[in-house]
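Sharing a model prediction with you, sequence too.
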Amino acid sequence: MGRQLSTPTAILLGSAMIAAAVYLGLRHGPAGVPADPRPAEGAPSPSADTASAAGPAARATGAGAPARPVQAPAPARPVQAPAPSVARDEVATQAARALEAHRPALIERCYKPAIAAQPAPRGVKYVFNLTFDAQGRQLARGIIEDREASRPEVTACLVDALPPVAVAPPGANVRVDVPFSLP
């Protein structure tokens with residue numbers, strides 16, 4: 001009778017082969033990208049001390065030869081400073097006003113049908129996370145539901161029914177949290 005591997009042993013051997021393949025694949029970088037033998041910019045270049053410590057073989061191959069001069073790294077893009085809190089407060093106020101302008105339509109389209117189907121809970125509470133760009137256009141929007149006053153069908157309707165909100169240009173990207181409740 002021939003000998004067969006047990007299932008746990010086969011799994012272990014297979015895992016070891018996959019791990020070795022992943023390790024060796026990651027060592028060589030992404031496929032199709034040639035490795036650059038030159039040191040990266042800003043990387044320390046080998047010095048004469050390392051060449052003399054390496055011995056005559058390293059000196060004969062030029063391993064200790066001075067590398068090209070190290071250039072200063074390119075300046076990073078300037079980081080946009082966060083908007084001052086006064087502007088953030090003003091943006092939050094404007095966003096709250098914009099949401100309030102949509103309240104009657106949201107009550108008719110989302111809230112009243114949900115209440116007609118199931119009367120409890122009566123009120124729903126949300127916090128809108130809104131991010132605006134420097135021109136005041138909405139970049140992102142999230143909705144956080146209050147667990148005590150949650151109605152998933154109303155939340156889904158709000159996501160679909162509420163158009164993007166706009167505010168006066170704040171001059172920088174601004175993220176605000178705006179409480180909102182229905183009815």
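Looks like it came in fine. Numbers count the residues shown, from 1 in each chain.

Only C-alpha atoms from now on, for both contacts and neighbour counts.
OK.

Measure how buried R151 is and give me the count.
R151: 21 surrounding residues under other C-alpha atoms under 10 Å.

Hmm, I typed the wrong one, I wanted P152.
P152: 12 neighbours (other C-alpha under 10 Å).

do you know how far it is from A114?
10 Å (C-alpha to C-alpha, to the nearest Å).

So which residues of the chain form helices?
Applying DSSP state H to the chain gives helices spanning 7-27, 48-54, 56-61, 85-106, 112-117, 152-161.

Pick the most deeply packed of the ones you listed.
For these, average neighbour numbers computed from mean count of other C-alpha atoms under 10 Å are highest in helix 85-106, which has a mean of 16.

Against which helices or strands is that one packed?
strand 174-182 (3 or more C-alpha pairs under 8 Å, 6 or more residues apart in numbering; DSSP states H and E).

switch to 10 Å and redo it
Helices and strands touching helix 85-106, as assessed by 3 or more C-alpha pairs under 10 Å, 6 or more residues apart in numbering; DSSP states H and E, comprise strand 124-132, helix 152-161, strand 174-182.

List the buried residues in the last one.
By neighbour count, and taking 16 or more other C-alpha atoms under 10 Å as the criterion, the buried residues in strand 174-182 are V174, R175, V176, D177, V178, F180, L182.
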